[in-house]
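Asker: sequence? don't have it. structure:
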């Protein structure tokens, strides 16, 4: 994975975002929004699928729902090796989302429902759409 990690990606490369959510409507909406903004988006419906996507190369950012079947966001985050961990933004309807995000070492968090402007600001704050 060495040459394909976020730190080794070529300048001008499109940034990759992995969106992990079990709600297909949310998953599709987030992917479409980010693609329009210039991001390359991968999708996963649970933590297990997300781990499989990581085998294809580390994304620059993970948007992660915490409450999912099969493997939840907690277990997914705990399974990542500290040195090979992309930034994570937690998406949750839980009122204590900020506390939960800190517990898993997330880069940031958004409480559902959130505004489009909040999502884009959080994503851009973690990784711009393209490097220059």
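Answerer: Received the coordinates, thanks. What you see is a predicted model, and the numbers here were worked out from it, not measured in a lab.

Asker: Show me the strands in the chain, by range?
Answerer: 16-20, 40-44, 61-65, 88-92, 108-111 (DSSP state E).

Asker: need the helix or strand of this structure with the lowest average pLDDT.
Answerer: Least confident element among the helices and strands of the chain, by mean pLDDT, DSSP states H and E: helix 97-103 (a mean of 84).

Asker: Flag every buried residue along it.
Answerer: Using 16 or more other C-beta atoms under 10 Å as the test for burial, helix 97-103 gives 97, 100, 101. The C-beta positions use only the backbone N, C-alpha and C, and glycine is treated the same way.

Asker: Distance to residue 128 added to those residues, as TSV?
Answerer: TSV is the format used below for the buried residues of helix 97-103 (distance: C-beta to C-beta, whole Å):
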residue	distance to residue 128
97	24
100	26
101	21
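
Asker: picking up where we left off before, now the least confident helix or strand of the chain, how far from the centre of its chain.
Answerer: 15 Å (C-alpha atoms, centre = their mean, to the nearest Å).

Asker: which strands and helices sit next to that helix?
Answerer: strand 88-92, strand 108-111 (3 or more C-beta pairs under 8 Å, 6 or more residues apart in numbering; DSSP states H and E).

Asker: again, 10 Å this time
Answerer: Contacting helix 97-103 under the criterion 3 or more C-beta pairs under 10 Å, 6 or more residues apart in numbering; DSSP states H and E are the following elements: helix 73-79, strand 88-92, strand 108-111.
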